[in-house]
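Peer 1: Dropping a prediction and its sequence here:
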Amino acid sequence: MPRQSARLVLVNETNFMLYTPFLPEAAAGTLEPRHVVTPLRDILKRTYLRLGSIVGHDPEAKTVELRAKYGETETLPYDQLLLALGSVSRVLPVPGLAEHAVGFKSLADAIYLRNHVVETLEEANATEDPARRDELLTYVFVGGGYAGLEALAELQDFAADAMESYPRARLHGMRWVLVEATGRVLPEIDLKLAEYALRQLRGRGIDIRLETTLEQVEANSARLSSGETLPTRTVVWTAGVAPQPILKQLNLPLDERGRVPVDEYLRVRGSDSVWAIGDCAAAPDPRGGFCPPTAQHAVRQGPVVARNIAAELGVGSPQPFEYRSEASFVNLGRYKAVGRIGERTFRGFPAWWLARSYHMSQIPGAARKARAVLDWTAGLPFRRDISEVGSIGHRKPLG
Ligand SMILES: Cc1cc2nc3c(=O)[nH]c(=O)nc-3n(C[C@H](O)[C@H](O)[C@H](O)COP(=O)(O)OP(=O)(O)OC[C@H]3O[C@@H](n4cnc5c(N)ncnc54)[C@H](O)[C@@H]3O)c2cc1C
(Lines give C-alpha, C1' and ligand atoms only; values in the text may rest on other atoms or scores of the structure.)
Protein backbone atom coordinates (compact mmCIF):
# COMPACT_ATOMS: atom_id res chain seq x y z
CA MET A 1 0.00 0.00 0.00
CA PRO A 2 1.50 3.41 -0.90
CA ARG A 3 2.36 5.53 2.14
CA GLN A 4 0.04 8.45 1.33
CA SER A 5 -3.06 6.26 1.22
CA ALA A 6 -3.08 5.59 4.98
CA ARG A 7 -5.56 7.69 6.95
CA LEU A 8 -4.93 8.11 10.67
CA VAL A 9 -7.89 8.64 12.98
CA LEU A 10 -7.35 9.28 16.68
CA VAL A 11 -10.35 8.85 18.97
CA ASN A 12 -9.83 10.42 22.37
CA GLU A 13 -12.09 11.58 25.16
CA THR A 14 -10.39 14.96 25.39
CA ASN A 15 -8.71 17.19 22.81
CA PHE A 16 -5.51 17.32 24.82
CA MET A 17 -2.76 15.07 26.09
CA LEU A 18 -2.08 15.18 29.82
CA TYR A 19 1.53 15.10 30.97
CA THR A 20 0.89 13.16 34.21
CA PRO A 21 4.31 13.66 35.87
CA PHE A 22 3.31 17.33 36.23
CA LEU A 23 -0.08 16.54 37.75
CA PRO A 24 1.14 16.94 41.37
CA GLU A 25 2.49 20.40 40.46
CA ALA A 26 -0.81 21.32 38.82
CA ALA A 27 -2.54 20.32 42.06
CA ALA A 28 -0.09 22.36 44.11
CA GLY A 29 -0.41 25.38 41.83
CA THR A 30 3.28 25.62 40.91
CA LEU A 31 2.10 24.96 37.36
CA GLU A 32 -1.05 26.35 35.81
CA PRO A 33 -3.34 23.33 35.08
CA ARG A 34 -3.66 24.25 31.38
CA HIS A 35 0.12 24.22 31.11
CA VAL A 36 0.41 20.51 31.92
CA VAL A 37 -1.64 19.52 28.88
CA THR A 38 -0.83 19.77 25.19
CA PRO A 39 -3.60 20.36 22.63
CA LEU A 40 -3.60 17.32 20.33
CA ARG A 41 -4.34 19.44 17.24
CA ASP A 42 -1.09 21.36 17.84
CA ILE A 43 1.07 18.24 17.69
CA LEU A 44 -0.84 15.93 15.33
CA LYS A 45 -0.92 17.74 12.01
CA ARG A 46 -1.67 14.70 9.83
CA THR A 47 -4.13 12.95 12.10
CA TYR A 48 -7.91 13.19 11.99
CA LEU A 49 -9.03 13.74 15.60
CA ARG A 50 -12.44 12.57 16.78
CA LEU A 51 -13.59 13.46 20.28
CA GLY A 52 -15.55 10.74 22.04
CA SER A 53 -15.29 7.32 23.64
CA ILE A 54 -14.86 3.91 22.13
CA VAL A 55 -17.70 1.85 23.61
CA GLY A 56 -17.73 -1.28 21.44
CA HIS A 57 -15.69 -3.34 19.00
CA ASP A 58 -16.54 -5.96 16.41
CA PRO A 59 -13.30 -7.77 15.47
CA GLU A 60 -15.01 -9.75 12.68
CA ALA A 61 -16.47 -6.71 10.95
CA LYS A 62 -13.38 -4.63 11.89
CA THR A 63 -15.39 -1.76 13.32
CA VAL A 64 -15.46 0.20 16.57
CA GLU A 65 -18.40 2.01 18.14
CA LEU A 66 -17.69 5.66 18.87
CA ARG A 67 -19.89 7.56 21.30
CA ALA A 68 -19.48 11.27 20.64
CA LYS A 69 -19.51 13.95 23.33
CA TYR A 70 -23.22 14.69 22.99
CA GLY A 71 -24.32 11.06 23.00
CA GLU A 72 -24.62 10.09 19.31
CA THR A 73 -22.97 6.78 18.42
CA GLU A 74 -21.28 6.01 15.15
CA THR A 75 -19.60 2.92 13.66
CA LEU A 76 -16.05 3.49 12.47
CA PRO A 77 -14.41 0.93 10.16
CA TYR A 78 -10.69 0.23 10.45
CA ASP A 79 -7.94 -1.75 8.76
CA GLN A 80 -5.62 -1.67 11.77
CA LEU A 81 -6.70 -0.77 15.30
CA LEU A 82 -4.36 0.45 18.04
CA LEU A 83 -5.66 0.57 21.62
CA ALA A 84 -3.97 2.89 24.10
CA LEU A 85 -6.81 3.45 26.55
CA GLY A 86 -4.68 3.87 29.68
CA SER A 87 -5.85 2.88 33.14
CA VAL A 88 -8.10 3.88 36.02
CA SER A 89 -7.52 3.88 39.79
CA ARG A 90 -7.61 0.34 41.16
CA VAL A 91 -10.43 0.41 43.69
CA LEU A 92 -10.47 -2.24 46.42
CA PRO A 93 -13.60 -3.31 48.30
CA VAL A 94 -13.04 -0.97 51.24
CA PRO A 95 -16.36 0.20 52.71
CA GLY A 96 -17.00 3.87 51.90
CA LEU A 97 -14.02 4.17 49.55
CA ALA A 98 -15.94 4.80 46.33
CA GLU A 99 -18.28 7.29 48.05
CA HIS A 100 -15.80 9.35 50.06
CA ALA A 101 -12.29 9.00 48.65
CA VAL A 102 -10.88 10.77 45.60
CA GLY A 103 -8.41 9.46 43.02
CA PHE A 104 -5.43 11.23 41.52
CA LYS A 105 -5.33 10.34 37.84
CA SER A 106 -6.78 13.20 35.83
CA LEU A 107 -6.51 16.96 35.53
CA ALA A 108 -10.00 17.20 37.04
CA ASP A 109 -8.73 15.22 40.08
CA ALA A 110 -5.79 17.61 40.50
CA ILE A 111 -7.95 20.75 40.25
CA TYR A 112 -10.55 19.25 42.56
CA LEU A 113 -7.94 18.36 45.18
CA ARG A 114 -6.35 21.79 45.16
CA ASN A 115 -9.75 23.48 45.54
CA HIS A 116 -10.68 21.03 48.26
CA VAL A 117 -7.50 21.76 50.25
CA VAL A 118 -8.17 25.51 49.94
CA GLU A 119 -11.79 25.01 51.06
CA THR A 120 -10.72 22.95 54.09
CA LEU A 121 -8.27 25.70 55.09
CA GLU A 122 -10.98 28.35 54.72
CA GLU A 123 -13.45 26.32 56.79
CA ALA A 124 -10.88 25.41 59.43
CA ASN A 125 -10.01 29.08 59.80
CA ALA A 126 -13.66 30.02 60.22
CA THR A 127 -14.96 27.33 62.58
CA GLU A 128 -14.89 27.59 66.38
CA ASP A 129 -15.19 23.82 66.81
CA PRO A 130 -11.79 22.12 67.42
CA ALA A 131 -13.13 18.64 66.50
CA ARG A 132 -14.30 19.98 63.13
CA ARG A 133 -10.92 21.65 62.64
CA ASP A 134 -9.27 18.27 63.24
CA GLU A 135 -11.36 16.72 60.46
CA LEU A 136 -10.71 19.59 58.08
CA LEU A 137 -6.97 19.76 58.66
CA THR A 138 -6.19 16.02 58.47
CA TYR A 139 -5.28 14.80 54.99
CA VAL A 140 -4.90 11.05 54.38
CA PHE A 141 -3.21 9.59 51.29
CA VAL A 142 -3.37 5.85 50.66
CA GLY A 143 -0.64 4.21 48.55
CA GLY A 144 3.09 4.93 48.74
CA GLY A 145 3.98 4.62 45.04
CA TYR A 146 5.37 7.59 43.13
CA ALA A 147 1.98 9.08 42.20
CA GLY A 148 0.72 9.14 45.80
CA LEU A 149 3.97 10.29 47.31
CA GLU A 150 4.50 13.11 44.82
CA ALA A 151 0.90 14.28 45.17
CA LEU A 152 1.15 14.28 48.97
CA ALA A 153 4.55 16.02 49.02
CA GLU A 154 3.49 18.79 46.63
CA LEU A 155 0.11 19.40 48.26
CA GLN A 156 1.55 19.46 51.76
CA ASP A 157 4.09 21.98 50.52
CA PHE A 158 1.31 24.08 49.04
CA ALA A 159 -0.83 23.88 52.20
CA ALA A 160 2.14 24.75 54.45
CA ASP A 161 2.73 27.95 52.43
CA ALA A 162 -0.97 28.75 52.17
CA MET A 163 -1.32 28.47 55.98
CA GLU A 164 0.25 31.92 56.31
CA SER A 165 -3.08 33.32 55.16
CA TYR A 166 -5.07 31.29 57.71
CA PRO A 167 -3.78 32.25 61.17
CA ARG A 168 -6.44 30.40 63.17
CA ALA A 169 -5.99 27.21 61.18
CA ARG A 170 -2.22 27.56 61.48
CA LEU A 171 -2.43 27.74 65.26
CA HIS A 172 -4.35 24.46 65.27
CA GLY A 173 -1.87 22.74 62.92
CA MET A 174 -2.32 20.31 60.03
CA ARG A 175 -1.79 16.59 59.88
CA TRP A 176 -0.72 14.79 56.70
CA VAL A 177 -0.79 10.99 56.80
CA LEU A 178 0.46 8.44 54.25
CA VAL A 179 -0.89 4.90 54.62
CA GLU A 180 1.01 2.12 52.85
CA ALA A 181 0.16 -1.58 53.00
CA THR A 182 3.71 -2.89 52.51
CA GLY A 183 6.88 -2.31 54.53
CA ARG A 184 8.32 0.38 52.23
CA VAL A 185 7.41 3.27 49.94
CA LEU A 186 8.36 3.76 46.29
CA PRO A 187 8.73 0.12 45.18
CA GLU A 188 9.73 1.52 41.77
CA ILE A 189 13.13 2.72 43.00
CA ASP A 190 16.20 1.63 44.93
CA LEU A 191 15.55 0.93 48.65
CA LYS A 192 18.18 3.43 49.84
CA LEU A 193 16.57 6.23 47.83
CA ALA A 194 13.15 5.23 49.10
CA GLU A 195 14.45 5.41 52.68
CA TYR A 196 15.92 8.85 51.99
CA ALA A 197 12.50 9.97 50.68
CA LEU A 198 10.88 8.56 53.80
CA ARG A 199 13.27 10.48 56.07
CA GLN A 200 12.71 13.71 54.15
CA LEU A 201 8.95 13.43 54.37
CA ARG A 202 8.95 12.39 58.01
CA GLY A 203 11.29 15.30 58.73
CA ARG A 204 8.60 17.60 57.36
CA GLY A 205 6.10 16.21 59.83
CA ILE A 206 4.33 13.82 57.45
CA ASP A 207 3.03 10.83 59.39
CA ILE A 208 3.90 7.72 57.35
CA ARG A 209 2.24 4.45 58.37
CA LEU A 210 3.86 1.40 56.79
CA GLU A 211 2.29 -2.08 56.90
CA THR A 212 -1.04 -0.42 57.47
CA THR A 213 -4.19 -0.57 55.36
CA LEU A 214 -7.30 1.53 55.06
CA GLU A 215 -10.27 -0.40 56.46
CA GLN A 216 -13.19 1.99 56.17
CA VAL A 217 -13.94 5.52 55.02
CA GLU A 218 -16.79 7.75 56.14
CA ALA A 219 -17.59 11.34 55.26
CA ASN A 220 -15.53 12.61 58.19
CA SER A 221 -13.23 9.74 59.19
CA ALA A 222 -10.90 6.98 58.00
CA ARG A 223 -10.33 3.77 59.95
CA LEU A 224 -6.95 2.07 59.65
CA SER A 225 -5.91 -1.56 60.19
CA SER A 226 -3.99 -0.39 63.29
CA GLY A 227 -7.41 0.20 64.86
CA GLU A 228 -7.03 3.98 64.81
CA THR A 229 -9.80 6.15 63.38
CA LEU A 230 -8.50 9.39 61.89
CA PRO A 231 -10.90 12.33 61.80
CA THR A 232 -10.63 13.54 58.20
CA ARG A 233 -12.54 14.98 55.28
CA THR A 234 -9.82 14.11 52.78
CA VAL A 235 -8.90 10.59 51.68
CA VAL A 236 -6.86 10.41 48.48
CA TRP A 237 -6.63 6.92 46.99
CA THR A 238 -3.47 6.30 44.98
CA ALA A 239 -3.06 2.57 45.58
CA GLY A 240 -2.37 1.31 42.08
CA VAL A 241 -4.05 1.24 38.71
CA ALA A 242 -6.35 -1.12 36.83
CA PRO A 243 -6.99 -1.24 33.07
CA GLN A 244 -9.93 0.71 31.61
CA PRO A 245 -13.16 -1.22 32.41
CA ILE A 246 -14.40 -0.65 28.83
CA LEU A 247 -11.84 -3.24 27.66
CA LYS A 248 -14.24 -5.93 28.89
CA GLN A 249 -16.71 -4.87 26.20
CA LEU A 250 -14.29 -4.83 23.28
CA ASN A 251 -14.41 -8.57 22.45
CA LEU A 252 -10.68 -9.02 22.96
CA PRO A 253 -8.70 -11.51 25.05
CA LEU A 254 -7.84 -10.18 28.51
CA ASP A 255 -5.36 -11.49 31.08
CA GLU A 256 -6.24 -12.11 34.74
CA ARG A 257 -5.64 -8.41 35.54
CA GLY A 258 -7.91 -7.24 32.73
CA ARG A 259 -5.11 -6.08 30.39
CA VAL A 260 -4.90 -6.95 26.68
CA PRO A 261 -2.09 -9.48 26.15
CA VAL A 262 0.23 -8.53 23.28
CA ASP A 263 3.34 -10.16 21.81
CA GLU A 264 6.78 -8.56 21.59
CA TYR A 265 5.60 -6.72 18.44
CA LEU A 266 2.74 -5.24 20.50
CA ARG A 267 0.14 -7.08 18.46
CA VAL A 268 -2.83 -8.49 20.39
CA ARG A 269 -2.28 -12.22 20.71
CA GLY A 270 -4.43 -14.12 18.24
CA SER A 271 -5.27 -11.06 16.11
CA ASP A 272 -3.87 -9.86 12.79
CA SER A 273 -5.11 -6.28 12.96
CA VAL A 274 -5.40 -5.16 16.60
CA TRP A 275 -2.51 -3.76 18.62
CA ALA A 276 -2.26 -2.42 22.16
CA ILE A 277 0.26 -0.34 24.10
CA GLY A 278 0.59 1.56 27.38
CA ASP A 279 -1.18 0.83 30.64
CA CYS A 280 -3.99 -1.16 28.97
CA ALA A 281 -1.59 -3.73 27.46
CA ALA A 282 0.22 -6.68 29.03
CA ALA A 283 3.39 -6.30 26.96
CA PRO A 284 6.38 -8.59 27.56
CA ASP A 285 9.20 -6.73 29.32
CA PRO A 286 12.61 -7.67 27.85
CA ARG A 287 13.85 -7.94 31.46
CA GLY A 288 11.17 -10.52 32.23
CA GLY A 289 7.54 -10.25 33.28
CA PHE A 290 5.42 -7.44 31.87
CA CYS A 291 6.12 -3.77 31.26
CA PRO A 292 5.06 -1.69 34.27
CA PRO A 293 2.32 0.94 33.77
CA THR A 294 4.60 3.93 33.23
CA ALA A 295 4.68 6.73 30.68
CA GLN A 296 8.30 5.82 29.98
CA HIS A 297 7.17 2.49 28.57
CA ALA A 298 4.04 3.82 26.86
CA VAL A 299 5.85 6.57 24.92
CA ARG A 300 8.56 4.17 23.78
CA GLN A 301 6.05 1.59 22.66
CA GLY A 302 4.38 4.24 20.44
CA PRO A 303 7.03 4.46 17.69
CA VAL A 304 7.60 0.69 17.77
CA VAL A 305 3.93 -0.13 17.25
CA ALA A 306 3.67 2.57 14.55
CA ARG A 307 6.54 0.95 12.71
CA ASN A 308 4.99 -2.50 13.08
CA ILE A 309 1.60 -1.34 11.80
CA ALA A 310 3.35 0.29 8.81
CA ALA A 311 5.17 -3.00 8.21
CA GLU A 312 1.81 -4.79 8.27
CA LEU A 313 0.69 -2.37 5.54
CA GLY A 314 3.79 -3.20 3.50
CA VAL A 315 6.11 -0.37 4.52
CA GLY A 316 9.36 -1.29 6.31
CA SER A 317 9.96 -4.25 8.55
CA PRO A 318 8.64 -5.10 12.02
CA GLN A 319 10.69 -4.64 15.17
CA PRO A 320 10.20 -6.14 18.64
CA PHE A 321 9.78 -3.84 21.64
CA GLU A 322 13.01 -3.69 23.61
CA TYR A 323 13.40 -1.06 26.25
CA ARG A 324 15.06 -0.94 29.63
CA SER A 325 14.09 1.94 31.85
CA GLU A 326 17.27 4.00 32.20
CA ALA A 327 16.05 6.74 34.51
CA SER A 328 13.37 7.39 37.09
CA PHE A 329 12.75 10.32 39.42
CA VAL A 330 10.34 11.04 42.24
CA ASN A 331 9.72 14.64 43.18
CA LEU A 332 9.49 15.32 46.92
CA GLY A 333 8.60 19.02 46.64
CA ARG A 334 10.66 21.83 48.23
CA TYR A 335 13.38 21.50 45.56
CA LYS A 336 14.10 17.91 46.54
CA ALA A 337 13.75 14.63 44.66
CA VAL A 338 15.25 11.17 44.44
CA GLY A 339 16.17 9.42 41.23
CA ARG A 340 18.41 7.26 39.17
CA ILE A 341 20.03 7.41 35.75
CA GLY A 342 21.44 4.02 34.84
CA GLU A 343 23.35 2.81 37.89
CA ARG A 344 23.91 6.32 39.31
CA THR A 345 21.57 7.52 42.01
CA PHE A 346 20.75 11.12 42.91
CA ARG A 347 19.04 12.74 45.85
CA GLY A 348 18.11 16.18 47.13
CA PHE A 349 18.51 19.27 44.94
CA PRO A 350 20.60 17.66 42.15
CA ALA A 351 17.90 15.00 41.68
CA TRP A 352 15.19 17.68 41.67
CA TRP A 353 17.07 19.70 39.03
CA LEU A 354 17.68 16.62 36.87
CA ALA A 355 14.02 15.60 37.17
CA ARG A 356 12.83 19.03 36.04
CA SER A 357 15.28 19.06 33.13
CA TYR A 358 14.20 15.57 32.12
CA HIS A 359 10.49 16.41 32.23
CA MET A 360 11.10 19.63 30.31
CA SER A 361 12.69 17.60 27.56
CA GLN A 362 9.73 15.20 27.50
CA ILE A 363 6.66 17.48 27.60
CA PRO A 364 5.62 17.86 23.96
CA GLY A 365 5.54 21.24 22.24
CA ALA A 366 7.79 24.31 22.58
CA ALA A 367 4.83 26.41 23.81
CA ARG A 368 4.18 24.09 26.75
CA LYS A 369 7.87 23.97 27.69
CA ALA A 370 8.00 27.80 27.68
CA ARG A 371 4.80 28.11 29.72
CA ALA A 372 6.06 25.67 32.36
CA VAL A 373 9.32 27.62 32.72
CA LEU A 374 7.37 30.89 33.03
CA ASP A 375 5.13 29.40 35.74
CA TRP A 376 8.12 28.17 37.76
CA THR A 377 9.97 31.48 37.35
CA ALA A 378 6.93 33.54 38.35
CA GLY A 379 6.50 31.30 41.40
CA LEU A 380 9.95 32.17 42.79
CA PRO A 381 9.40 35.79 43.96
CA PHE A 382 5.67 35.58 44.73
CA ARG A 383 3.55 33.83 47.35
CA ARG A 384 1.37 30.89 46.36
CA ASP A 385 -1.94 31.72 44.74
CA ILE A 386 -4.67 30.46 47.08
CA SER A 387 -7.72 31.38 44.97
CA GLU A 388 -10.28 28.62 44.97
CA VAL A 389 -11.29 28.20 41.34
CA GLY A 390 -13.78 25.34 41.79
CA SER A 391 -16.80 27.30 40.56
CA ILE A 392 -15.12 28.39 37.33
CA GLY A 393 -16.41 26.31 34.44
CA HIS A 394 -19.64 25.38 36.25
CA ARG A 395 -22.13 27.97 35.11
CA LYS A 396 -25.12 28.88 37.22
CA PRO A 397 -28.57 28.06 35.77
CA LEU A 398 -30.40 30.91 34.03
CA GLY A 399 -32.91 32.90 36.04
C1 LIG B 1 -0.04 11.40 39.15
C2 LIG B 1 0.70 10.52 38.19
C3 LIG B 1 2.06 10.71 37.98
C4 LIG B 1 2.76 9.90 37.09
N5 LIG B 1 4.09 10.12 36.92
C6 LIG B 1 4.78 9.34 36.06
C7 LIG B 1 6.17 9.55 35.87
O8 LIG B 1 6.78 10.44 36.48
N9 LIG B 1 6.83 8.74 35.00
C10 LIG B 1 6.20 7.74 34.30
O11 LIG B 1 6.83 7.05 33.51
N12 LIG B 1 4.86 7.51 34.48
C13 LIG B 1 4.15 8.29 35.32
N14 LIG B 1 2.79 8.06 35.51
C15 LIG B 1 2.15 6.94 34.77
C16 LIG B 1 1.74 7.39 33.36
O17 LIG B 1 0.92 8.52 33.43
C18 LIG B 1 1.00 6.29 32.62
O19 LIG B 1 1.73 5.10 32.69
C20 LIG B 1 0.82 6.69 31.15
O21 LIG B 1 0.05 7.88 31.05
C22 LIG B 1 0.14 5.57 30.37
O23 LIG B 1 -0.03 6.00 29.06
P24 LIG B 1 -1.24 5.45 28.19
O25 LIG B 1 -1.06 6.06 26.83
O26 LIG B 1 -1.32 3.99 28.31
O27 LIG B 1 -2.55 6.02 28.88
P28 LIG B 1 -3.01 7.51 29.18
O29 LIG B 1 -1.89 8.46 29.20
O30 LIG B 1 -3.87 7.40 30.40
O31 LIG B 1 -3.93 7.86 27.94
C32 LIG B 1 -5.12 7.15 27.71
C33 LIG B 1 -6.00 8.04 26.84
O34 LIG B 1 -7.11 7.27 26.40
C35 LIG B 1 -8.30 8.02 26.54
N36 LIG B 1 -9.38 7.06 26.69
C37 LIG B 1 -9.63 6.22 27.73
N38 LIG B 1 -10.72 5.47 27.48
C39 LIG B 1 -11.14 5.83 26.25
C40 LIG B 1 -12.23 5.41 25.43
N41 LIG B 1 -13.08 4.44 25.80
N42 LIG B 1 -12.37 6.01 24.23
C43 LIG B 1 -11.52 6.97 23.82
N44 LIG B 1 -10.49 7.41 24.55
C45 LIG B 1 -10.30 6.84 25.75
C46 LIG B 1 -8.06 8.88 27.76
O47 LIG B 1 -8.89 10.02 27.73
C48 LIG B 1 -6.58 9.23 27.60
O49 LIG B 1 -6.41 10.38 26.82
C50 LIG B 1 2.07 8.86 36.39
C51 LIG B 1 0.69 8.68 36.58
C52 LIG B 1 0.01 9.49 37.47
C53 LIG B 1 -1.47 9.28 37.67
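Peer 2: Arrived safely, thanks for sending.

Peer 1: Using the three-state scheme, assign Ser53.
Peer 2: Here Ser53 is recorded as strand under DSSP: H, G, I helix; E, B strand; the rest coil.

Peer 1: surely it meets Ile246?
Peer 2: Yes. Taking C-beta atoms under 8 Å as the definition, Ser53 is a contact partner of Ile246 at 7.3 Å. No exception for glycine: its C-beta is placed from N, CA and C like everyone else's.

Peer 1: contact partners of stretch 84-102?
Peer 2: 54, 103-105, 109, 112-113, 116, 142, 214-219, 234-247, 276-280, 293, 298, 302 (C-beta atoms under 8 Å, 6 or more residues apart in numbering).

Peer 1: okay, now the closest residue to Gly240 other than its chain neighbours: neighbour count?
Peer 2: Using C-beta to C-beta, 6 or more residues apart in numbering and skipping the chain neighbours, the partner closest in space to Gly240 is Arg90 (4.1 Å). The tally of other residues near Arg90 (other C-beta atoms under 10 Å) stands at 16.

Peer 1: What about whichever residue of the stretch 51-200 of the chain sits closest to the ligand? Give its phi and psi, please.
Peer 2: Here the stretch 51-200 of the chain gets closest to the ligand at one residue, Gly86, 2.4 Å apart by C-beta to the nearest ligand atom. In terms of degrees, to the nearest 10, the main-chain angles of Gly86 are phi 70, psi -150.

Peer 1: ok, back up a step: what's the residue nearest to Gly240 sitting at in phi/psi?
Peer 2: phi -80, psi 110.

Peer 1: and if you look at the one 4 residues further on?
Peer 2: In terms of degrees, to the nearest 10, the main-chain angles of Val94 are phi -100, psi 120.

Peer 1: And for Pro293?
Peer 2: phi -80, psi 80.

Peer 1: ok, the nearest residue to it once chain neighbours are set aside - how many residues close by?
Peer 2: Among residues not flanking Pro293 along the chain, Asp279 sits closest, at 4.1 Å (C-beta to C-beta, 6+ apart). The number of residues packed near Asp279 is 22, by other C-beta under 10 Å.

Peer 1: Roughly how far does Asp279 sit from Ser273?
Peer 2: 22 Å (C-beta to C-beta, to the nearest Å).

Peer 1: what do you get for Phe158?
Peer 2: Distance, Phe158 to Ser273, using C-beta to C-beta: 47 Å.

Peer 1: which one of these two has more residues nearby?
Peer 2: Neighbour count, other C-beta under 10 Å: between Phe158 and Ser273, Phe158 has more, with 24 against 15.

Peer 1: Show me what the host helix or strand of the more buried one is packed against.
Peer 2: Element membership for Phe158, per DSSP states H and E: helix 146-162. Secondary-structure packing of helix 146-162 (3 or more C-beta pairs under 8 Å, 6 or more residues apart in numbering; DSSP states H and E): helix 23-28, helix 107-126, strand 138-142, strand 175-179, helix 191-203, strand 234-237, strand 327-333.

Peer 1: Now find how far off-centre stretch 342-357 is within its chain.
Peer 2: 21 Å (C-alpha atoms, centre = their mean, to the nearest Å).

Peer 1: just the helices in the stretch 251-399 of the chain please.
Peer 2: 295-312, 348-362, 366-379 (DSSP state H, counting those that start in this stretch).

Peer 1: picking that back up, and the pLDDT for the residue nearest to Gly240?
Peer 2: Looking at Arg90, its pLDDT is 90.

Peer 1: Against Gly365, how distant is it?
Peer 2: 31 Å.

Peer 1: The residue nearest to the spatial centre of the chain - nearest residue in space that isn't next to it in sequence?
Peer 2: Centroid check for the chain by C-alpha atoms, centre = their mean gives Lys105 as the closest residue, at 3.8 Å. Of all residues not flanking Lys105 in the chain, Ser89 sits nearest, at 5.7 Å (C-beta to C-beta, 6+ apart).

Peer 1: who does the one you found bridge with?
Peer 2: Counting by DSSP bridges, Ser89 is bridged to Val241.

Peer 1: swap in Ala281?
Peer 2: Bridge pairing for Ala281 - DSSP bridges - gives Val260.

Peer 1: Identify the residues contacting it.
Peer 2: Ala281 touches Leu83, Arg259, Val260, Pro261, Val262, Leu266, Cys291, Gln301, counting by C-beta under 8 Å, 6+ apart.

Peer 1: want to throw the helices and strands packed on helix 146-162 into JSON lines with mean neighbour count, mean pLDDT and distance to the ligand?
Peer 2: Converted to JSON lines, these look like this (neighbours: other C-beta atoms under 10 Å; pLDDT from 0 to 100; distance: least, C-beta to the nearest ligand atom, whole Å):
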{"stretch": "helix 23-28", "mean neighbour count": "27", "mean pLDDT": "91", "distance to the ligand": "4"}
{"stretch": "helix 107-126", "mean neighbour count": "20", "mean pLDDT": "94", "distance to the ligand": "8"}
{"stretch": "strand 138-142", "mean neighbour count": "25", "mean pLDDT": "98", "distance to the ligand": "12"}
{"stretch": "strand 175-179", "mean neighbour count": "23", "mean pLDDT": "97", "distance to the ligand": "15"}
{"stretch": "helix 191-203", "mean neighbour count": "17", "mean pLDDT": "93", "distance to the ligand": "14"}
{"stretch": "strand 234-237", "mean neighbour count": "24", "mean pLDDT": "96", "distance to the ligand": "11"}
{"stretch": "strand 327-333", "mean neighbour count": "23", "mean pLDDT": "87", "distance to the ligand": "7"}
